[in-house]
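Undergrad: I need the structure of the sequence given here:
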Amino acid sequence: MDDGRLGSVDGFEGIIGRHPSMLAIFEVIRRVARTDATVLISGESGTGKELVAAALHRLSRRASARFVPVHCGAIPEDLLESEMFGHERGAFTGAIASRLGRFKLADGGSIFLDEIGEMRPKLQVKLLRVLEDGRFEPVGSVTTQQVDVRIIAATNRSLDEAVAAREFREDLFYRLRVVPIEMPPLRRRREDIPLIVEGVLDQLTAKGLPRFTITPAAMELLERYPWPGNVRELRNVLEQMVVLGRPEAVIDARDLPPHLLATRLGGDAAAAMPWHFGAAGIDFYREMEAIEDRIIAQALRLSGGNKKEAARLLRVNRTTLLEKLKRKRAQGNALAALLAEAPSRRSTATLPSRDGPVSRLHAG
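TA: A predicted model of the protein is given here:
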């Protein structure tokens with residue numbers, strides 16, 4: 001497979017971004033796609049977890065077979081087992097015929113289990129067996145079926161907390177988390193917003209809608225807004241602007257929804273504090289880790305990848321910096337792994353071009 005076609009300076013396999021956190025994820029996808037390793041993608045809703053899963057499938061040896069998504073949170077709990085593993089006729093009320101499950105449909109390909117954290121414990125046991133040996137029994141059957149499926153899972157919950165609360169099996173968690181990838185929220189990669197805006201406007205034009213342009217004032221507001229719904233929310237806002245937009249096909253600041261216009265009132269404070277405190281609050285330790293990543297990345301960029309010089313800029317011992325990078329690499333922090341392993345010329349190509357938060361990654 002020719003790697004030259006995998007992406008451009010502004011994106012990779014349909015995923016738009018050139019923030020260091022996204023470049024690190026792209027590199028992990030390249031490394032992992034050709035293996036059968038199980039991948040757990042975490043991140044807030046709307047960050048593009050299914051796009052990553054689809055990219056892993058397209059770049060794998062299984063690309064000619066099916067990519068089958070299962071949205072565990074959208075399927076009623078009492079039907080999810082049947083959806084995943086199939087059922088025999090008469091297995092339950094309404095089962096008037098036998099039906100193949102998603103795992104059987106994905107045989108030879110990949111299955112994407114979205115919102116895996118919503119799966120009930122009884123079903124988690126059955127999934128663990130499939131992960132271990134590829135075997136399962138459809139609902140109401142005593143016949144064991146065998147499949148060869150690559151499993152990719154995703155969650156917007158903290159499965160660490162779910163394990164601690166005994167809501168998610170610890171053995172299943174570690175079996176799924178062979179390669180973890182954490183998608184950064186859009187508010188932590190604001191410099192990607194103009195790229196995403198242009199990409200979405202191009203996609204809407206390809207669907208037959210007018211090609212809109214966006215004024216600098218409107219773009220500034222889009223970059224300031226915290227986007228709790230992430231890329232999905234940005235895409236929906238842009239589609240609304242195009243469908244209901246002015247005949248001159250221009251999106252100006254005054255055309256944006258009122259909640260985006262309100263960001264002007266925050267002034268510099270809104271730009272300086274990119275955190276969005278929703279009803280559930282934020283993960284303090286994760287945010288602090290992200291700030292540390294940004295500072296280390298900036299020091300390594302300025303030093304051209306020289307860790308001794310980076311340690312001097314950070315006013316820490318070189319061994320302290322090396323230990324931090326070693327710890328981050330052991331935790332699956334892809335950005336730290338790339339910084340630690342890459343030669344100087346590569347480090348300068350993948351580090352931030354300006355100050356801005358870098359999301360903590362696990363992997364991707």
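Undergrad: for the stretch 201-350 of the chain, what spans make up the helices?
TA: 216-224, 230-243, 258-261, 267-272, 284-302, 307-314, 318-330, 334-341, 344-350 (DSSP state H, counting those that start in this stretch).
Undergrad: Highest mean neighbour count out of the ones you listed?
TA: Scoring these by mean neighbour count under mean count of other C-beta atoms under 10 Å gives helix 334-341 as the most buried, with a mean of 23. C-beta here means a position set from N, CA and C on the backbone, and glycine is covered the same way.
Undergrad: Looking at the helices of the stretch 201-350 of the chain, which is nearest to Leu51?
TA: Leu51 sits nearest to helix 230-243 of all these, at 8.9 Å, using C-beta to C-beta.
Undergrad: Mean pLDDT added to the helices of the stretch 201-350 of the chain, as CSV?
TA: Listed next are the helices of the stretch 201-350 of the chain as CSV, based on pLDDT from 0 to 100:
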stretch, mean pLDDT
helix 216-224, 93
helix 230-243, 94
helix 258-261, 82
helix 267-272, 43
helix 284-302, 78
helix 307-314, 86
helix 318-330, 84
helix 334-341, 50
helix 344-350, 37
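Undergrad: how about low-confidence regions in the stretch 51-200 of the chain?
TA: Within the stretch 51-200 of the chain, the ranges that satisfy pLDDT under 70 run 90.
Undergrad: which residue ranges form the strands in the stretch 101-250 of the chain?
TA: Along the stretch 101-250 of the chain, counting by DSSP state E, counting those that start in this stretch, strands occupy 110-114, 135-136, 145-146, 150-155, 179-182, 213-214, 250-251.
Undergrad: Neighbouring strands - and their directions - for the last one?
TA: Strand 250-251 pairs in its sheet with strand 213-214 (parallel), by DSSP bridges.
Undergrad: Same question for the second one.
TA: Based on DSSP bridges, the strands next to strand 135-136 in the sheet, each with its direction, are strand 145-146 (antiparallel).
Undergrad: Repeat that for the fourth one.
TA: The strands beside strand 150-155 in its sheet (DSSP bridges) come out as strand 39-42 (parallel), strand 110-114 (parallel).
Undergrad: which is the next helix or strand following the first one?
TA: By that I understand strand 39-42. helix 49-58 (DSSP states H and E).
Undergrad: Against which helices or strands is that next one packed?
TA: Under the contact definition 3 or more C-beta pairs under 8 Å, 6 or more residues apart in numbering; DSSP states H and E, helix 49-58 sits against strand 15-16, helix 20-33, strand 39-42, strand 67-71, strand 110-114, strand 150-155.
Undergrad: buried ones in the second one?
TA: Okay, so that is helix 20-33. Residues of helix 20-33 classed as buried under the neighbour-count rule (16 or more other C-beta atoms under 10 Å) are 20-30, 32-33.
Undergrad: Repeat that for the third one.
TA: Taking 16+ other C-beta under 10 Å as the neighbour-count basis, strand 39-42 is seen to contain the buried residues 39-42.
Undergrad: one step back: any chance of a markdown table for the helices and strands packed on helix 49-58, columns distance to Thr143?
TA: Output for these, formatted as a markdown table (distance: least, C-beta to C-beta, whole Å):
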| stretch | distance to Thr143 |
| --- | --- |
| strand 15-16 | 40 |
| helix 20-33 | 33 |
| strand 39-42 | 30 |
| strand 67-71 | 21 |
| strand 110-114 | 20 |
| strand 150-155 | 22 |
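Undergrad: Tell me which of the ones you listed lies nearest to Arg286.
TA: Closest to Arg286 of those is strand 39-42 (C-beta to C-beta; 10.5 Å).
Undergrad: re the thing from before, mind picking the two most distant members of the buried residues of helix 20-33?
TA: Spanning the widest gap among those are Pro20 and Ala33, at 20.3 Å by C-beta to C-beta.
Undergrad: End to end on stretch 87-96, go ahead and measure it.
TA: Using C-alpha to C-alpha, to the nearest Å, one end of stretch 87-96 lies 10 Å from the other.
Undergrad: contact partners of that stretch?
TA: For stretch 87-96, contacts defined as C-beta atoms under 8 Å, 6 or more residues apart in numbering pick out 82, 97-99, 101, 138-141.
Undergrad: same check, this time on stretch 70-77
TA: Applying C-beta under 8 Å, 6+ apart, the external contacts of stretch 70-77 come out as 80, 83-84, 102, 111-116, 118-120.
Undergrad: cool, stretch 38-45 as well?
TA: Under the criterion C-beta under 8 Å, 6+ apart, residues 32, 49, 52-53, 56, 116, 131, 150-156, 158-159, 175-185, 229-230, 232, 362 lie in contact with stretch 38-45.
Undergrad: just the buried members of these?
TA: Listed as buried from the contacts of stretch 38-45 are 32, 49, 52-53, 56, 116, 131, 150-156, 159, 175-177, 179-185, 229-230, 362; burial here means 16+ other C-beta under 10 Å.
Undergrad: what separates Ile193 from Glu287, distance-wise?
TA: For Ile193, the distance to Glu287 equals 20 Å [C-beta to C-beta, to the nearest Å].
Undergrad: now swap in Ala153 and tell me
TA: 24 Å.
Undergrad: do Leu123 as well
TA: From Leu123 to Glu287 the distance is 33 Å (C-beta to C-beta).
Undergrad: what's the answer for Val243, then?
TA: Going from Val243 to Glu287 by C-beta to C-beta gives 36 Å.
Undergrad: Check the offset of stretch 320-329 from the chain's centre.
TA: From the chain centre to the centre of stretch 320-329 is a distance of 24 Å (C-alpha atoms, centre = their mean, to the nearest Å).
Undergrad: The residue nearest to Gly101 when sequence neighbours are not counted: neighbouring residues, count only.
TA: Closest residue in space to Gly101, ignoring its immediate chain neighbours: Gly86 at 3.3 Å, by C-beta to C-beta, 6 or more residues apart in numbering. Number of residues near Gly86 (other C-beta atoms under 10 Å) recorded here: 23.
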